[in-house]
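**Student:** 3D, please:
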Amino acid sequence: MPHSVTLITTIAVSFGLALLMGLIANRLKLPVLVGYLAAGVILGSNTPGFVADMELSAQLAEIGVILLMFGVGLHFSLNDLLAVRRIALPGAIVQIVVATAFGAMVATSWGWNLGVGIVFGVALSTASTVVLLRALEQRGLLKSVNGSIAVGWLVVEDLAMVLVLVLLPPLAGWLGDNAGGPEGVSSIDLLTTLLLTFGKVAVFIALMLVVGKRVFPWLLWHVASTNSNELFILSVIAVAIGIAYGSAMLFGVSFALGAFFAGMVMRESALSHRAAQESLPLRDAFSVLFFVSVGMLFDPGVLVEQPLHVLATLGIIIIGKSLAAFLLVLAFRYPLNTALTVSASLAQIGEFSFILAALGVSLGLLPVEAQSLILAGAFISITLNPFVFRVIEPAQAWIRSRSNLARILERSDDPLAELPMTVASSHVTSHVVLVGYGRVGRLISDTLVERGLSFVVAEQNRELVEGLRKRGIHAVAGDAAEPAVLIQAHIARAAMLVIAVPDTLRARRMIETARILNPPVEIIVRTHNEEEAALLRRESGGAVFLGEHELARSMARHILEKVAGDK
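**Tutor:** Numbers count the residues shown, from 1 in each chain. As a prediction, the model looks like this:
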C-alpha cells in the first residue's frame, strides 16, 4: 500500500543538514547552534530548493522543548524556586512591562496601532527557556545561585505568557480597535476568563504537587524494580510527554510548563538522576529539531528590506530588557556578577515569542511584517547570545575598575553584606568561613551547629542569608569570590575556609584572597572532577572533595578533625 514518508523525510533531512551546518559553524569557531538555525533557513520556504514540512517540524521541536523542560524540572525543586521568589517574581513582571513599553513605543513610532505595539512588545519581552538552559548548562551555572535566579525568572515569564496566550483572543477586540480587529468583549467576560485561567493553572499545580509528588516517584520505583532499562526509559519519556500533553489539553497550561512541573515532582524520587541521564540523548536530539524549525520561519529578506526596524527590534531584546533586568537585580542588592549573568540570560527571545506572534497574526493583531521582525530578532539574538555571555567578565572588570561606579552598583551600604555590630569578637575568631549554603553547605552547617562550633556563612542568595540570621546563624550576603565578602566574614581571623560551591574559577579567587589575608588558614574545597581537584590541591594546599552528599559528610568529618581537634 502507498504511504506517506513526510515525517521520515523531515527528520532525515533536518538531522542531516543540521549536522553538516553544525560542523561548519564549529570550524568557523561559532556556536553549533548557529549551524542548526542556518540549516532551518535553508530548509524553509523563504529560500530556494527543498522545503521541509513546517507543521511536522514544529511538532517535533515541541517534543524537544518538553524533554528539555522535564530535565530541568528534575534538577530544580519547588524549594529552589521559592528560594528566589522575591527577586524572580517582581523582577520578571517589571522586566516584561518595561520591554512591552519599549516595543509599544517603537511600534507606534512606525505608525502601527497601539494594540499592535503592545502585542509586539510582549513578544519581545520573554526569553527562550531552551537557549537559556543550554547556555547555563554549558557554563556550569545551572545549579548556581545565578542560574537558579535566571531559571526562576524564566519560569515566571512562562507563567505570564500562558496568561497572555489565554487572554489575547478575548482582548483582540480592544487591542485591535481602529486596526480592523474583531469586536470587543465585556469586562464581565474578561474577568471571567481571567478567573478561569488562574483557576486552571492553580488546579494543575495543586494536582502536581499533591498527587503527582506521590504517584510519579512511586511509578519510577515500580518500573525500576523490573530491572528493564527499556521500560525505565519508556516510563520517563511517557511521564514527560504525557503530563505535558495532559496539562495543555485539560488545563490550558503550555507543554513546556507542564513538563517542567512533571520533572519537578519526579525529582522527589531517588532515581531522578538516572531519569535525567536516560532522557539526555533524546533531549539533545529533539532540541536540534527545535532550532531547525526556528530557522525555517526566518525570512532573510527582512534584513535587507528593513534593516533599521531589525536593529530597533534587536536593541529592545539585547539592550533594553537586559538593561532593565540588570538594574532590577542590583536594586534587589544582589552582586554585580548576578546582575550581569541574569541580564545576559535574557538577551534573546524564543519559543513563546514565536507562538505569540503566530497567534497575533491569526487574530489580525499583528501584521506579517511584525512577525518577520520578531523572527529576525530571535534568530540574531539567539546567535549572539553566547557572545553576550562572554562579555560578562570584561564588563565586570570594567565596572570594577571605576571604583565610584562599582560602589554605587554593588550597594556597599547593604545591611546583609556585613555582619551586625552585635556579633561578639569571640564568634569571628578561629572560626570557620563556609562559602555556599546549598545541599552540601547545609549539611556541613548542621554538623557545625550540632558540635557548637563558630562559623560564618557567605552566600549569594539574600533570602537564605535572611533566613539564617533569623535562626541565629551568622551570615553575609554576596559573592565570596570578591575580597570584600570574605573580609566581612572575617577571613583574616578564621581558622578554616570551606568552599562548598563547585565553581573552580570562583574558588581559585577565594583561595587567592584567603592566602593574602590569612596565609596559615586551612582551606577545604569542593569540586566535580579529578582534573579540577588536582589544580585546586596545588593552589590551596588543603583538602579537596568530590561528589555531593557523601562529599558533605566527608568534608564535615574533616572539619571536625581539624577545628574541634585544635580546641
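
**Student:** Show me the helices in the stretch 1-150 of the chain, by range?
**Tutor:** Applying DSSP state H, counting those that start in this stretch to the stretch 1-150 of the chain gives helices spanning 6-27, 32-43, 54-75, 78-83, 85-109, 114-125, 129-138, 145-175.

**Student:** Check which helices and strands the longest one is in contact with.
**Tutor:** Spelled out, it's helix 145-175. Applying 3 or more CB pairs under 8 Å, 6 or more residues apart in numbering; DSSP states H and E, we find helix 145-175 packed against helix 78-83, helix 85-109, helix 114-125, helix 129-138, helix 187-207, helix 255-266, helix 336-345, helix 351-362. C-beta here means a position set from N, CA and C on the backbone, and glycine is covered the same way.

**Student:** Now do the helix or strand Leu468 falls within: everything it contacts.
**Tutor:** Assigned by DSSP states H and E, Leu468 falls within helix 462-470. Here helix 462-470 makes contact (CB atoms under 8 Å, 6 or more residues apart in numbering) with 83-87, 332-334, 416, 437, 457, 459, 474-477.

**Student:** And the buried ones among those residues, selectable in PyMOL?
**Tutor:** Here is the PyMOL command that selects the buried residues among the contacts of helix 462-470 (16 or more other CB atoms under 10 Å):
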select buried, resi 83+84+87+332+333+334+416+437+457+459+474+475+476+477
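
**Student:** Just flag the most distant two among the contacts of helix 462-470.
**Tutor:** Farthest apart among the contacts of helix 462-470 by CB to CB are Arg85 and His474. That separation is 24.4 Å.

**Student:** where does the stretch 251-400 of the chain have low pLDDT?
**Tutor:** Applying pLDDT under 70 to the stretch 251-400 of the chain flags the ranges 270.

**Student:** residue boundaries of the strands in it?
**Tutor:** Secondary structure of the stretch 251-400 of the chain, counting by DSSP state E, counting those that start in this stretch: no strands present.

**Student:** Which of the helices and strands packed on helix 145-175 sits closest to Gly301?
**Tutor:** Gly301 lies closest to helix 351-362 among the helices and strands packed on helix 145-175, at 17.0 Å (CB to CB).

**Student:** got the angle for that closest one vs helix 54-75?
**Tutor:** 140 degrees (axes from the mean of the first three to the mean of the last three CA atoms, to 10 degrees).

**Student:** How far away from the center of its chain is helix 351-362?
**Tutor:** 22 Å (CA atoms, centre = their mean, to the nearest Å).

**Student:** Would you reformat the helices of the stretch 1-150 of the chain as CSV and include distance to Val498 and mean pLDDT?
**Tutor:** Listed next are the helices of the stretch 1-150 of the chain as CSV, based on distance: least, CB to CB, whole Å; pLDDT from 0 to 100:
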stretch, distance to Val498, mean pLDDT
helix 6-27, 40, 90
helix 32-43, 38, 87
helix 54-75, 24, 78
helix 78-83, 21, 67
helix 85-109, 26, 91
helix 114-125, 41, 91
helix 129-138, 25, 79
helix 145-175, 17, 78
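
**Student:** sorry, back to before: buried ones in the helix holding Leu468, by neighbour count?
**Tutor:** Quick answer for helix 462-470 (16+ other CB under 10 Å): Arg462, Glu463, Leu464, Val465, Leu468, Arg469.

**Student:** now the angle from it to helix 85-109?
**Tutor:** Here helix 462-470 runs at an angle of 150 degrees relative to helix 85-109 (the same axes, to 10 degrees).

**Student:** Taking helix 336-345 as reference, get the angle to helix 462-470.
**Tutor:** Using the same axes, to 10 degrees, helix 462-470 lies at 150 degrees relative to helix 336-345.

**Student:** Using PDB, write down the CA coordinates of helix 462-470.
**Tutor:** Extracted in PDB, the C-alpha atoms of helix 462-470 (Å, rounded to 0.1, in the frame of the first residue of the first chain):
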ATOM      1  CA  ARG A 462      19.900  37.000  50.000                       C
ATOM      2  CA  GLU A 463      16.700  35.200  51.100                       C
ATOM      3  CA  LEU A 464      18.900  32.400  52.500                       C
ATOM      4  CA  VAL A 465      21.000  34.900  54.400                       C
ATOM      5  CA  GLU A 466      17.900  36.500  55.900                       C
ATOM      6  CA  GLY A 467      16.700  33.100  57.000                       C
ATOM      7  CA  LEU A 468      20.000  32.100  58.500                       C
ATOM      8  CA  ARG A 469      20.100  35.300  60.500                       C
ATOM      9  CA  LYS A 470      16.600  34.700  61.900                       C
END
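
**Student:** Show me what secondary structure element comes after that helix.
**Tutor:** Next helix or strand after helix 462-470 toward the C-terminus (DSSP H and E): strand 475-477.

**Student:** domain ranges for the protein?
**Tutor:** 66-284+305-362, 415-566 (automatic domain parsing).

**Student:** will you turn these into CSV that also has distance to Phe290?
**Tutor:** Formatted as CSV, these follow (distance: least, CB to CB, whole Å):
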stretch, distance to Phe290
domain 66-284+305-362, 6
domain 415-566, 28
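
**Student:** and of those, who's closest to Ser401?
**Tutor:** Ranking the domains of the chain by proximity to Ser401 (CB to CB) places domain 66-284+305-362 first, at 12.2 Å.

**Student:** Give me the distance between the two termini of that closest one.
**Tutor:** With CA to CA, to the nearest Å as the measure, domain 66-284+305-362 spans 24 Å from end to end.

**Student:** quick one: which of the domains of the chain is nearest Asp299?
**Tutor:** With CB to CB, the closest approach to Asp299 among the domains of the chain belongs to domain 66-284+305-362: 9.1 Å.

**Student:** ok, now which ones touch the most centrally placed residue in the chain?
**Tutor:** The structure's the chain has its C-alpha centroid closest to Val151; by CA atoms, centre = their mean the separation is 2.7 Å. Going by CB under 8 Å, 6+ apart, Val151 touches Val72, Phe76, Leu132, Leu133, Leu136, Leu142.
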